[in-house]
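Participant: Give the three-dimensional model of this entry:
(chains A and B)
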Amino acid sequence: MNSVAPERLPPVTAAVRRWIDAGWPFALLLLFIVSFRSTTRDAATASGTACEGSRSVDVATLERCLALEPDDAELMTDLGDRYRTAGNDAGAEALYRRALAVDARNGDVHRRLGELLLARGDAAAARAEGEAALATQPNSLADAELIQRADDRARSGR
Amino acid sequence: MTTRPAAVAAARVFSGLFFLALSAYCFLAYTPFAYDAFIKPGVSHALWFFIVIAGALFWVALLLATLTLLPQLRTRGARGRLAAWTYVTTGAVAGGAIVRWPLTDIGNTPAAFWLGMAALVWPVWIAVIDHRIWPAPTVGRADSRRALVASLVSAVIACTTYAAASPLRLARVFGIDAPPQILLTGIGASLVFDLYVFMAWYLAILTVDAVTAFIGVSASVEYWSLFVPFVTAAAVAIDVIVCLSLGFLGPASVASSIALAVATAAIWADVARLRSQPATPAAAPVDVRAPIDAVGLLCAPVAGVRSRRAAIALSVVLPLAANLCISVFQELDWSFLMQKLSVLTFWSLTFACVYAALPTSSGRRSSRAMLAGIPIAVFIAYQLLVWINPEQAIDRYAALDASVRLLRDARTVQSAETAKVYAYLRSQTLVLPAAVQPPAVDFVQPLAPASGPPPDIYLLIIDSLRRDYLSPYNPRVNFTPSIAKFAADSLVFDRAWTRYSGTLLSVPSVWAGGLVPHIVRQTQFRPRNTLLKLLEANDYRRLMDMDSVVETFDLTGDRFVQLNPGHEGWGPTDFCTTVVATKRLLPSGRTQPTFFYSLPQNIHPTVVLNNRVPADETYPPAFEPRVASGVHRIDACIGEFLDFLKREQRYDDSVIIITSDHGDLLGEEGRWGHAFWLYPDVMRVPLIMHVPARLRNTFRVDLDAQVFLTDVTPSLYTLLGYDARDLGPLFGRSFFGPRDGDSSWRRRRMSFLGSSYGAVYGVVSENGRRLYVVDTVDATEYALDLTAAPRHLAVTPAMMFLNRRFIVDQLRAIAAFYRYPS
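Facilitator: Next comes the predicted model:
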């Protein structure tokens, strides 16, 4: 594979040349083997965010988590509950409806939304939410009671 | 010498392949997982058939060897006469032993490993004899230029072969969006990958050439030195691709990989020696011919050393054969094992053919610049590809091109931290049964008979049934009218999951009502078989199909009636036959409650994909017609079964559960079967439960919340009136709660999933809308959003950290509970 005959070179150069001729394929092969593998598909280890696990955190944290996980229906429900407790019914309703957009059959959210609507006086809408909740949670006393109370409210006209 | 070398070579190929296959079978039998998953249940007819006829094949191989060695056996003073006689005599003794102790009785024993090793001695032995008998050809030094050109051409052929078939394959793959731009990028990446691999092989040849030239040894030594990279590459491939996929780990797997590689090299060298001989004894002696260069001799087994025409013809046929192999293997493959092996074989044969087809470059001098420049150019192209990182295109194209999948998987390496996590996950997978000391598990203690009349319980777990092939889960399904009718007056759980992606752990987890130790065959299962305890406490008569899983549960007794006697294996249970047996065996009186169990394999891929769709049946294009037809058939039998229960007036007061142990992939992203994959189509299962009205009205149930098959048994406890204890996150909890209860906890919890067969674990969260999987077999992690159609999410560091930590915690908890080292 040599292009120049070694016997025409000075002895030291010829010896070096001989070593290079013997070594470069192996060096290149080593480079090929070492460079072949890649770590791009499993890069990192990092600490998790405060959004993990327990939901018993403050409203600000839940809001930040929701910004990070905008499709987490359970997070929306929890935050909606906090809003409701704090008297922010509009914020709670918006979150419940957003949660239902993600998970339309979520009976827990239908019931919460129904309770909120009933408290606001919309008995028909509350009943519809109760029905939706009961459809996915057969025999749920809470759902049945919501429907009952909505019916009572509708009958009493209040 | 009167024997034609080509005929001898053909005999050696036959016997070599036989001994390799026999050895592989023995190693499979030695591996607990492979034995229980493939051999014992008879899930592969080909495996079963092979070992049944293995004894006869051994004698055929011996007979062929004897015929080819006849000149030595008959001629006094012939070269290799003693070795030939020893081989034939020992072979006769071994053949007699095989007749006396059939190979079908090998079992999962250490003897299987040693038999596997012993089987590899034969091809090595005959290779040594042949090298003694047949004269060595004159060997010249490797032709570097020819090797370079052969590598380049082989890479192009390899890329083109699979690329050409990719449009056809795309039509059969679901869930891959591959517009032309993605496809072209994928093909480009494939070309760079292939060039890289073949250049590495070329550099290995060049290294051997350079080193042997430097030392000053003969070309013959150079030829033999080429087997060093050959054996190394083969051993690594077998260990990494085959052994890892089959859960065959540790020193035994390394030893068997090396032994298989050495035996393969011996067969190859043997055939090379034979193929380099003159075609007939009358032809010119070998030594007067031109020398064969070392690489040419190494390539001789495929196309010989003299005929370029044969080599060119083979180069044309090989791509067709390669794609045919992929088509044949893909549906019944295991974690792409066969497809990857076929790619490696194709690469080897292609290089050999191309090299043989090229003219020698004698007389033409090769400059170092050219010999080194082209590999360096390929190296730069590869680094550019890595820098650009068209990951999405490569991932999608890998679903269509097995060679890209092989290389994509092979080049993935873990960071030190990841390697540590993966090593831990592997250490908790397929644990040795002896290490496990499971405690008793009781949802209720003491367990007295239920206060009310226990309902009949019918538990039908249809192996491999996907939920989207049932109309209650998919409105496009129009071929399951009986199940639709059944669902109309039953509870249909929308987010039911199996905990394990394979039958071997999924079924025990149902019976135990919780996660089980990750062992192939559950030991000491009776004290933790909570379903059996419930049945025994209430004096249930048990009508059951037996299968390779439940047969280990020690279920027999006075109250046990087997519906399919003599049918213990997987091979396969047909529900329609079970219905006939049930009609015959179900007592008409109701003096004691009845429990019915069946795990039919009507839909299992090894059954259904071998069936033909009747000419009068058509299915919507979104469905795999053979599977749809199988589902349609079992639906009719389920209808017959339910009608029978109604006629017998048992239906109304029975708990009837229809579910599956796992689903299957039917071409999604190019995947078939379930193997190690925790994909939604595998892990989400149908769960439809008919509950007697008298019981249904007393409980609340949340059909939209995520539930697991491990919840089935505690739910049965609840329905029978027990207050099943909450045994913690490792165990199931009843679907049914008090009417004023709350099930929102189900939506909020993270839950653990696992493969039955390898270190692949997952986490399902957000009420079944998120799935995260750590796959140590393919060394990858992925996250899916399941809110609508499954959608891959980018894996973030936080996501990775959180889910890995959860999986590790769960595995520690399992190990602590079942008392094995963690």
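Participant: just the helices in the stretch 601-750 of chain B please.
Facilitator: B:605-608, B:625-647, B:680-683, B:693-696, B:712-719, B:744-748 (DSSP state H, counting those that start in this stretch).
Participant: Adding mean pLDDT, distance to residue B:802 and mean neighbour count, write the ones you listed out as a markdown table.
Facilitator: Quick note: C-beta positions are derived from backbone N, CA and C, even for glycine. Listed next are the helices of the stretch 601-750 of chain B as a markdown table, based on pLDDT from 0 to 100; distance: least, Cβ to Cβ, whole Å; neighbours: other Cβ atoms under 10 Å in any protein chain shown:
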| stretch | mean pLDDT | distance to residue B:802 | mean neighbour count |
| --- | --- | --- | --- |
| helix B:605-608 | 87 | 34 | 22 |
| helix B:625-647 | 96 | 36 | 20 |
| helix B:680-683 | 96 | 19 | 24 |
| helix B:693-696 | 88 | 38 | 14 |
| helix B:712-719 | 97 | 28 | 25 |
| helix B:744-748 | 87 | 15 | 19 |
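Participant: Which residue is the nearest non-sequential neighbour of residue B:31?
Facilitator: residue B:248 (4.3 Å; Cβ to Cβ, 6 or more residues apart in numbering or on different chains).
Participant: For chain A, find the nearest of the helices of the stretch 601-750 of chain B.
Facilitator: Nearest to chain A, of all the helices of the stretch 601-750 of chain B, is helix B:744-748, at 4.8 Å by Cβ to the nearest Cβ.
Participant: Beyond the closest one, next helix or strand please.
Facilitator: strand B:751-754 (DSSP states H and E).
Participant: Residue A:92 falls within a helix, correct?
Facilitator: Yes. Assessed with DSSP: H, G, I helix; E, B strand; the rest coil, residue A:92 lies in a helix.
Participant: lowest-pLDDT helix or strand in chain A?
Facilitator: helix A:59-68 (a mean of 85; mean pLDDT, DSSP states H and E).
Participant: So what touches the next helix or strand after that one?
Facilitator: Note on helix A:59-68: by DSSP H and E, the next helix or strand toward the C-terminus is helix A:73-85. Helix A:73-85 is contacted from outside by A:51, A:55, A:59, A:62-63, A:65-66, A:69, A:89, A:91-93, A:95-96, A:98-100, A:102-103, A:106, A:108-109, A:112, A:116, B:744, B:747-748, B:766-767, B:769, using Cβ atoms under 8 Å, 6 or more residues apart in numbering or on different chains.
Participant: Could you check the angle helix A:73-85 makes with helix A:59-68?
Facilitator: 150 degrees (axes from the mean of the first three to the mean of the last three Cα atoms, to 10 degrees).
Participant: what distance separates helix A:73-85 from the centre of its chain?
Facilitator: Mean-position distance between helix A:73-85 and its chain equals 16 Å (Cα atoms, centre = their mean, to the nearest Å).
Participant: Would you mark the buried spots in it?
Facilitator: Residues of helix A:73-85 classed as buried: A:73-84 (neighbour count, 16 or more other Cβ atoms under 10 Å in any protein chain shown).
Participant: Distance of residue B:342 relative to chain A?
Facilitator: 21 Å (Cβ to the nearest Cβ, to the nearest Å).
Participant: right, and that residue touches residue B:402 too?
Facilitator: Yes. Taking Cβ atoms under 8 Å as the definition, residue B:342 is a contact partner of residue B:402 at 7.1 Å.
Participant: Pick out whichever of those two has more residues nearby.
Facilitator: residue B:402 (28 against 23; other Cβ atoms under 10 Å in any protein chain shown).
Participant: check contacts around that one.
Facilitator: Here residue B:402 is in contact with B:162, B:326, B:336, B:339-340, B:342-343 (Cβ under 8 Å, 6+ apart).
Participant: which residues does the residue nearest to it when sequence neighbours are not counted contact?
Facilitator: Computed as Cβ to Cβ, 6+ apart, the closest residue to residue B:402 that is not its neighbour in sequence is residue B:339, at 4.2 Å. Residues near residue B:339 by Cβ under 8 Å, 6+ apart: B:325-326, B:329-330, B:333, B:402, B:405-406.
Participant: Repeat the analysis, applying 7 Å as the threshold.
Facilitator: B:326, B:329-330, B:333, B:402 (Cβ atoms under 7 Å, 6 or more residues apart in numbering or on different chains).
Participant: next one: residue B:426
Facilitator: Contacts of residue B:426 by Cβ under 7 Å, 6+ apart are B:759, B:776.
Participant: how does it look with 8 Å?
Facilitator: By Cβ under 8 Å, 6+ apart, the neighbours of residue B:426 are B:249, B:759, B:776.
Participant: So for residue B:440, what's the nearest residue that isn't a sequence neighbour?
Facilitator: Nearest in space to residue B:440, with sequence neighbours left out and distances taken as Cβ to Cβ, 6+ apart, is residue B:527 at 3.9 Å.
Participant: returning to what we had before: quick one: the least confident helix or strand of chain A to chain centroid distance?
Facilitator: Taking mean C-alpha positions (Cα atoms, centre = their mean), helix A:59-68 and its chain are 13 Å apart.
Participant: Please export the C-alpha coordinates of it as CSV.
Facilitator: What follows is helix A:59-68, C-alpha atoms only, in CSV (Å, rounded to 0.1, in the frame of the first residue of the first chain):
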residue,chain,number,x,y,z
VAL,A,59,-52.0,28.3,44.8
ALA,A,60,-48.9,30.0,43.4
THR,A,61,-47.1,26.7,43.0
LEU,A,62,-50.1,25.1,41.5
GLU,A,63,-50.4,27.9,39.0
ARG,A,64,-46.7,27.6,38.1
CYS,A,65,-47.1,23.9,37.7
LEU,A,66,-50.0,24.3,35.5
ALA,A,67,-48.0,26.6,33.3
LEU,A,68,-45.4,23.8,33.0
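Participant: and it, which residues are buried?
Facilitator: Applying a neighbour-count criterion of 16+ other Cβ under 10 Å, one finds A:62, A:65-66 buried in helix A:59-68.
Participant: Chain neighbours aside, what residue packs nearest to the residue sitting nearest the centre point of chain A?
Facilitator: Per Cα atoms, centre = their mean, the C-alpha nearest to the average position across chain A is that of residue A:69, at 4.8 Å. Counting by Cβ to Cβ, 6+ apart, residue A:75 is the residue found nearest to residue A:69 once chain neighbours are left out, at 6.0 Å.
Participant: How about the contacts made by residue B:139?
Facilitator: B:218-220, B:222-223, B:291-294, B:297.
Participant: partners of it in the sheet?
Facilitator: residue B:292 (DSSP bridges).
Participant: now the chain, which segments are flagged as low pLDDT?
Facilitator: Answering for chain A, as no chain was given. A:1-7, A:9, A:39-56, A:158 (pLDDT under 70).
Participant: nope, chain B
Facilitator: For chain B, the stretches flagged by pLDDT under 70 are B:1-3, B:43, B:175, B:279-289, B:362-366, B:567-571.
Participant: Pull out the buried positions in the lengthiest helix in chain A.
Facilitator: Scanning chain A for the helix with the most residues, using DSSP state H, yields helix A:11-36. Across helix A:11-36, burial judged by 16+ other Cβ under 10 Å covers A:17-18, A:21-22, A:24-26, A:28-29, A:32, A:36.
Participant: what helices or strands is it leaning on?
Facilitator: Here helix A:11-36 touches helix B:180-215, helix B:368-388, going by 3 or more Cβ pairs under 8 Å, 6 or more residues apart in numbering or on different chains; DSSP states H and E.
Participant: could you dump those helices to TSV with mean neighbour count?
Facilitator: Listed next are those as TSV, based on neighbours: other Cβ atoms under 10 Å in any protein chain shown:
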stretch	mean neighbour count
helix B:180-215	22
helix B:368-388	15
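Participant: May I ask you to confirm that residue B:576 is in contact with residue B:634?
Facilitator: Yes. In terms of Cβ under 8 Å, residue B:576 counts as a neighbour of residue B:634; the distance is 7.3 Å.
Participant: Please consider this matter closed, and thank you.
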